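Q: Model the following, please.
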Amino acid sequence: GRLTDDTKELVLDGVHRVSVVYFRSGYTPNDYGSDGYEWKAREMIEFSTAIKSPSIAYHLIGSKIFQTIFCKKQVLLRYLTENEAEQLLSVFVGLYSLEHSDSDSQIQSVVNDAQANHHRYVLKPQREGGGNNFYGKDIVKKLNSLTVKERKGYILMQRIYPKEIQTIQIRNFQSFPVKAICEMGLYSTFLGNGVDPPVIDNTFGTLLRTKQAQVTEGGVATGYAVLDSVVLCDDDDDDNQA
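A: Numbering: from 1, shown residues only. Below is the predicted model:
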């Protein structure tokens, strides 16, 4: 592939002009070899006029370190009103980068608390896709095994314990009652160049995942959770189910 000199269009095999690049891989360190070819390809794509899904900016903002940055009020106020920021902060849990775990007394205190009360936290690396987090006693083992440099690639998050519901699951054509928890996500679409006002910036749908309450992972494709539907109920309805 190459970029045209005048328009910076991405061209493959000297013929095919690429308008959209969707990253099916490129989210883990293993996707980038030591010879640097993958990095050079990524750089070429990013400098092209092709639409990237995601762009490098959106790729990075999905990393765990940015969760710790955007839970700070002074950062939120760059993009939101005071009232909007307060509403978000009211539902945030504690998120702590371990980048300065050797020098920041507050972070050292959080690490010590996580080792003594591991049930209160989740240890997360800078990874996506599920299956990478540490819970319970595994947090203590992992923290003790990491060097100061390696800890910089992790964050600690206060663990969320959602309200459990009684629901019915079907596996192998058999139904059985289970205690479960749900996680709801929002689908949104954004199209822009990072400079001018966005062309598209809307919310388009939801995804509800339900899993057994004792399960820590939540991936549907990995078999830990199932897709579910939303049922809206009154607040005083104690028998609500997903």
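Q: residues contacting Pro198?
A: When contacts are counted by C-beta atoms under 8 Å, 6 or more residues apart in numbering, Pro198 touches Phe190, Leu191, Gly192. The C-beta positions use only the backbone N, C-alpha and C, and glycine is treated the same way.
Q: Now, those residues that are in helices?
A: The members of the contacts of Pro198 all map outside helices under DSSP state H.
Q: quick check, nearest of those residues to Glu46?
A: The shortest approach to Glu46 among those belongs to Gly192, at 14.9 Å (C-beta to C-beta).
Q: My guess is that closest one contacts Val199. True?
A: Yes: under the criterion of C-beta atoms under 8 Å, Gly192 makes contact with Val199 at 5.9 Å.
Q: These two - which one has more neighbours?
A: Comparing Gly192 with Val199 by other C-beta atoms under 10 Å, the one with more neighbours is Gly192, at 13 against 10.
Q: Now that one. Its backbone dihedrals?
A: Backbone torsions of Gly192, given as degrees, to the nearest 10, read phi -170, psi 170.
Q: What separation is there between the nearest residue to it once chain neighbours are set aside and Asp228?
A: Among residues not flanking Gly192 along the chain, Pro198 sits closest, at 3.6 Å (C-beta to C-beta, 6 or more residues apart in numbering). Distance of Pro198 to Asp228, given as C-beta to C-beta, to the nearest Å: 31 Å.
Q: ok, now Tyr58?
A: 27 Å.
Q: Looking at these two, which one has more neighbours?
A: The neighbour comparison of Tyr58 against Asp228 (other C-beta under 10 Å) goes to Asp228, with 20 against 12.
Q: so that one makes contact with Glu183?
A: No: between Asp228 and Glu183 there is no contact under C-beta under 8 Å: 9.6 Å.
Q: okay, the contacts of Pro198 in a markdown table with distance to Val20 and pLDDT next?
A: Converted to a markdown table, these look like this (distance: C-beta to C-beta, whole Å; pLDDT from 0 to 100):
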| residue | distance to Val20 | pLDDT |
| --- | --- | --- |
| Phe190 | 14 | 90 |
| Leu191 | 11 | 91 |
| Gly192 | 14 | 89 |
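Q: before we move on, back to that, check whether the residue nearest to Gly192 sits in a helix, strand or coil.
A: coil (DSSP: H, G, I helix; E, B strand; the rest coil).
Q: ditto for Lys52
A: Recorded secondary structure, Lys52: strand (three-state DSSP).
Q: any idea how far the closest residue to it other than its chain neighbours lies from Asn144?
A: What sits nearest to Lys52 in space, not counting adjacent residues and going by C-beta to C-beta, 6+ apart, is Val21, at 5.3 Å. Val21 sits 41 Å away from Asn144, going by C-beta to C-beta.
Q: Measure how far the helix or strand where the residue nearest to Lys52 lies is from the centre of its chain, please.
A: Using DSSP states H and E, Val21 sits within strand 20-22. Here the centre of strand 20-22 is set off from its chain's centre by 20 Å, with C-alpha atoms, centre = their mean, to the nearest Å.
Q: Just checking: what are the partner strands of it?
A: Neighbouring strands of strand 20-22 in its sheet, by DSSP bridges, are strand 51-53 (parallel).
Q: List the buried residues for the strand it pairs with?
A: By 16 or more other C-beta atoms under 10 Å, the buried positions in strand 51-53 come out as Lys52.
Q: Gln166: what's it in contact with?
A: Contact analysis of Gln166 by C-beta under 8 Å, 6+ apart lists Pro177, Val178, Lys179, Ala180, Gln241.
Q: what is it paired to in the beta sheet?
A: With DSSP bridges as the criterion, Gln166 is bridged to Lys179.
Q: quick one: the residue most central in space within the chain from Phe23, how far?
A: By C-alpha atoms, centre = their mean, the chain has its centre lying nearest to Gly62, at 5.3 Å. For Gly62, the distance to Phe23 equals 11 Å [C-beta to C-beta].
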